[in-house]
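>>> Based on what follows, work out the 3D shape:
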Amino acid sequence: MTNLNRQLGFYSSQKRNRLRQVLIVLIIACFIFLLILIGQQAYLWLKNNHNQLIGPEEEAVTVSVSRIAQEYSLPVIKIEEKPDMVILLLEGSVEIFLDKKKPVAAQLAALQLIINQDKINGRKAKRIDLRFNNPIAVY
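Reported below is the predicted structural model:
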């Protein structure tokens, strides 16, 4: 009977038990591997969300504001960040309020237009608030 089992490809009960154990170990190893991959992805996701709330995003805002301000030749003396806005201090004690949720380049382009219009009109603003749909200038 054993020759017949071998010829037909049947395994003995010992071999079947051994194969079952190997399969269980492989399934457990794959499950552990998947848990590790999911854990790493969750860690990266949480780390990125945590960083966005705390510091690196603010550093990125500061860098982008200073870079774009240089492109527009704005004389920025100081950049101060608040949770929902950025305050720029320009030469001549002009305070500029920017919204962090709006594109910085668009706000600074609007600021450049306001400053140029003030030069034409011979005025100088003390404060310019670009957080709203219509900028507010205080003279």
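>>> all contacts plus neighbour counts: C-alpha atoms, from now on.
OK.
>>> and Lys101, how many neighbours?
9 (other CA atoms under 10 Å).
>>> and it, what does it touch?
Asp84 (CA atoms under 8 Å, 6 or more residues apart in numbering).
>>> All the strands of the chain, residue numbers only.
76-81, 85-90, 94-99, 127-129, 136-138 (DSSP state E).
>>> Would you check that Gln112 makes contact with Tyr72?
Yes: using CA atoms under 8 Å, Gln112 is in contact with Tyr72, at 7.0 Å.
>>> mind checking pLDDT for the nearest residue to Lys126 once chain neighbours are set aside?
In space, and not counting its chain neighbours, Lys126 is closest to Val94: 4.8 Å by CA to CA, 6 or more residues apart in numbering. Model confidence at Val94, expressed as pLDDT, equals 89.
>>> what pairs with Val94 across the strands?
Val94 has these beta-bridge partners by DSSP bridges: Leu90.
>>> What about it, how many residues nearby?
Neighbour tally, Val94, other CA under 10 Å: 17.
>>> How many residues are close by Arg127?
Arg127: 18 neighbours (other CA under 10 Å).
>>> which residues touch Leu98?
Leu98 touches Met85, Val86, Ile87, Leu88, Val104, Gln107, Asp129, Leu130, Arg131, counting by CA under 8 Å, 6+ apart.
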